[in-house]
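The amino acid sequence is not available; the structure is as follows:
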Ligand SMILES: Cc1cc2nc3c(=O)[nH]c(=O)nc-3n(C[C@H](O)[C@H](O)[C@H](O)COP(=O)(O)OP(=O)(O)OC[C@H]3O[C@@H](n4cnc5c(N)ncnc54)[C@H](O)[C@@H]3O)c2cc1C
């Protein structure tokens, strides 16, 4: 039998992304979708940096990129600049794209490693078009000619996520999604299956559904408060548990990248939008007080703060099951890993895609839920390992937090990955997981974790040949950047809101 009604609890970014994604697929199939949200509770109100995959989500909905950029005050993002991570004073960019290109079937970084081992002091970054463009404050859309350097990179957005939720609400309502204002205070369960049959709002209104998507944020109203699913606490590996966030005035043209600067007890983000800069200090309460964390943030703002700083509390980890009975948790209700690599909105997207692919019939096959949980567990595990890499591939030991990471037992999956890299620059490939080999190269090489060896196939070329072929790529990347417009100029003609600078 077919499932007839879906109730989405929560109207933050995850609730409206889910409503948009599901209504796009199911509007013609007679499946009713109702979203319940409470203005009194509100949303978490942060989350501005994204990964390139969001473009495909928007494209699948048929959202025009220019309209999206205007509506959400978005800027383009070519990667993340990491400052002070490997050592204080170091910096590198994790780009959305490859370094150079494979030569005779061998990944480019092996050629760079051979250069290093032969005393050539060349920066890996110089072989990446998106890094050089980001450093020069330039941007253009990838070209259509895939043989050209300026075509082979990804990009994402830095945007106002509450405006994105508004855009998706309009989209979803056009697709027939109904929105109900109110606070859910009770859930009723089927006595045999334990499935949730309805939720009741403070007003007394009852909403029945076959499938409930819990997008209620950190509270996890259905997945945790009602079903008591349990939480895998990853604080042992990712101990940062608080953040303080504030937007400030923009000074100068917006750059096409996010910045993450390591601090003594955490790290600080800088995300430039069209009309403001988002800032936040993520920290571990064991190593710094709230007052000191706030002071650290406010003393390093480049412009006047635009509001009172917002304090946030979290515990890194994920629900033991993201799909439990007839409840699927998407967004913060399913788990949270700190926003160092802008992964939360991406994990929302993964959750929606997996739900659509494994969409249940009314009988809710156990195998669908198991497959969903297997996929999402892997996605979370991979992100956890990648985030932890930033803290452990470091020479820093100048504060309690950095010393804590020095003495840590790593998850086996990360340990294996780092060892394979360290011996000969080899990258274990995953079947599931958002970060592809170039991302791992960016962080490991960027934080001075340099392999002892490289792929021997590189030695099929003489050193002079390696120098020549790598120099060509470097020159081509440099030239492509000189032909790229300034990010601010490109934005102004492509996607700037009419009143740039307005809030
Ligand atoms: C410090 C920090 C920085 C972040 N930075 C980024 C970033 O740069 N990039 C990124 O991708 N992500 C980031 N995130 C994550 C991002 O903010 C969230 O993933 C995203 O906003 C989705 O949140 P949500 O919709 O799951 O929850 P929320 O925004 O909390 O929304 C929850 C919704 O549920 C409703 N609700 C709750 N309880 C009830 C109830 N009982 N009845 C009715 N309604 C209810 C609320 O009203 C609200 O509508 C960050 C998160 C934090 C904490």
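All right, it came through fine. Being a predicted model, the structure only gives us computed values, none of them experimental.

Residue 260: what's it in contact with?
Residue 260 makes contacts with 80, 81, 82, 83, 85, 267, 268, 269, 270, 340, as judged by Cβ atoms under 8 Å, 6 or more residues apart in numbering. Placement of C-beta: from N, CA and C, glycine included.

Now the phi/psi pair for it, please.
In terms of degrees, to the nearest 10, the main-chain angles of residue 260 are phi -130, psi 110.

Bridged to it, which residues?
Beta-bridge pairing of residue 260, defined through DSSP bridges, involves residue 82, residue 269.

Kindly report the same for residue 313.
residue 242.

Check the gap between it and residue 37 for me.
When distance is defined by Cβ to Cβ, to the nearest Å, residue 313 is 21 Å away from residue 37.

Quickly name whichever of the contacts of residue 260 is closest to residue 18.
Proximity of the contacts of residue 260 to residue 18 (Cβ to Cβ) peaks at residue 340, which lies at 24.2 Å.

Kindly tell me how buried that closest one is, as a neighbour count.
25 (other Cβ atoms under 10 Å).

Got phi/psi on it?
Per degrees, to the nearest 10, the backbone of residue 340 is at phi -60, psi -30.

surely it meets residue 282?
Yes - using Cβ atoms under 8 Å, residue 340 is in contact with residue 282, at 7.4 Å.

shared neighbours of the two, anything?
Contacts common to residue 340 and residue 282, judged by Cβ under 8 Å, 6+ apart, are residue 267.

ok, for whichever residue of the stretch 301-450 of the chain sits closest to the ligand, nearest residue in space, not its chain neighbours?
Per Cβ to the nearest ligand atom, residue 331 is where the stretch 301-450 of the chain lies closest to the ligand, at 2.4 Å. Nearest non-adjacent residue to residue 331, counting by Cβ to Cβ, 6 or more residues apart in numbering: residue 14, 2.5 Å away.

do residue 452 as well
Closest to residue 452 by Cβ to Cβ, 6+ apart is residue 423, at 6.1 Å.

pretty sure the one you found belongs to a strand, no?
No - applying DSSP: H, G, I helix; E, B strand; the rest coil, one finds residue 423 to be helix, outside a strand.

Return the residues of the stretch 201-350 of the chain in contact with the ligand.
215-217, 219, 221, 243, 245, 280, 312, 314, 331-333, 339, 342, 344-345 (Cβ under 6 Å from any ligand atom).

Among those residues, which are located in strands?
Using DSSP state E, the subset of those located in strands is 243, 245, 280, 312.

Run a quick neighbour tally on the second one.
Meaning residue 245. By the criterion of other Cβ under 10 Å, residue 245 has 23 neighbours.

and it, what does it touch?
So residue 245 contacts 46, 278, 279, 280, 281, 309, 310, 312 (Cβ under 8 Å, 6+ apart).

Give me the nearest residue to the residue in the stretch 51-200 of the chain positioned nearest to the ligand, chain neighbours excluded.
For the stretch 51-200 of the chain, the residue closest to the ligand is residue 184, as judged by Cβ to the nearest ligand atom, at 3.8 Å. Excluding its sequence neighbours, the residue lying closest to residue 184 (Cβ to Cβ, 6+ apart) is residue 199, at 4.6 Å.

Just the element for the one you found, please.
Here residue 199, judged by DSSP states H and E, is contained in strand 196-201.

ok, and what's touching that strand?
Against strand 196-201 from outside (Cβ under 8 Å, 6+ apart): 7, 9, 36, 180, 182-190, 206-209, 212, 222, 226-227, 325-327.

Let me see the contact set for residue 340.
Shown in contact with residue 340 (Cβ under 8 Å, 6+ apart): 260, 267, 282, 387, 390.

Now the two most distant members of these.
Farthest pair in those (Cβ to Cβ) is 282 and 390. Separation: 11.7 Å.

ok, back up a step: when residue 313 and residue 37 are compared, which one has more neighbours?
Taking other Cβ under 10 Å, residue 313 and residue 37 do not tie; residue 37 has more neighbours (25 against 10).

Could you check the pLDDT of the closest residue to that one other than its chain neighbours?
The shortest distance from residue 37 to any non-neighbouring residue, by Cβ to Cβ, 6+ apart, is to residue 11 (2.9 Å). Listed pLDDT for residue 11 reads 97.

doesn't residue 165 make contact with residue 11?
Yes - here residue 11 reaches residue 165: they are 6.9 Å apart, a contact under Cβ under 8 Å.

any shared contact partners between these two?
By Cβ under 8 Å, 6+ apart, the residues touching both residue 11 and residue 165 are residue 43.

between the two, which one's more packed in?
Per other Cβ under 10 Å, whichever of residue 11 and residue 165 has more neighbours is residue 11, with 27 against 22.

quick one: that one from the ligand, how far?
Distance of residue 11 to the ligand, given as Cβ to the nearest ligand atom, to the nearest Å: 4 Å.

In contact with that residue, which residues are there?
For residue 11, the contact set (Cβ under 8 Å, 6+ apart) comprises 35, 36, 37, 43, 165, 169, 179, 215.

Just the buried ones from these, in ChimeraX syntax?
Selection of buried members from the contacts of residue 11 for ChimeraX, criterion 16 or more other Cβ atoms under 10 Å:
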select :35,36,37,43,165,169,179,215
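
Including pLDDT and secondary structure, could the contacts of residue 11 go into CSV?
Formatted as CSV, these follow (pLDDT from 0 to 100; DSSP: H, G, I helix; E, B strand; the rest coil):
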residue, pLDDT, secondary structure
35, 98, strand
36, 98, strand
37, 98, strand
43, 94, coil
165, 95, helix
169, 98, helix
179, 98, strand
215, 98, coil
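
Run through the helices of the chain in chain order.
With helices called from DSSP state H, the chain shows them at 13-26, 53-61, 65-72, 108-117, 129-135, 161-174, 290-299, 344-357, 366-392, 400-406, 412-424, 437-446, 463-482, 487-494.

Pick the most buried one from those.
Ranked by mean neighbour count under mean count of other Cβ atoms under 10 Å, these are led by helix 129-135, which reaches a mean of 27.

Just list what it packs against, helices and strands only.
Under the contact criterion of 3 or more Cβ pairs under 8 Å, 6 or more residues apart in numbering; DSSP states H and E, helix 129-135 touches strand 79-83, strand 91-95, helix 463-482.

How about the first one and the ligand, touching?
In other words, strand 79-83. No - Strand 79-83 does not reach the ligand (Cβ under 6 Å from any ligand atom); its nearest approach is 10.0 Å.

ok, and what's touching that strand?
Contacts of strand 79-83 (Cβ under 8 Å, 6+ apart): 49, 90-96, 130-131, 134, 257-262, 341-342, 390, 442-443, 446-447.

what about that strand, average pLDDT?
The average of the pLDDT scores along strand 79-83 is 98.

for the second one, same thing?
Averaging pLDDT along strand 91-95 gives 97.

Do I have it right that residue 41 meets residue 183?
Yes - Residue 41 lies in contact with residue 183 (Cβ under 8 Å); the separation is 6.5 Å.
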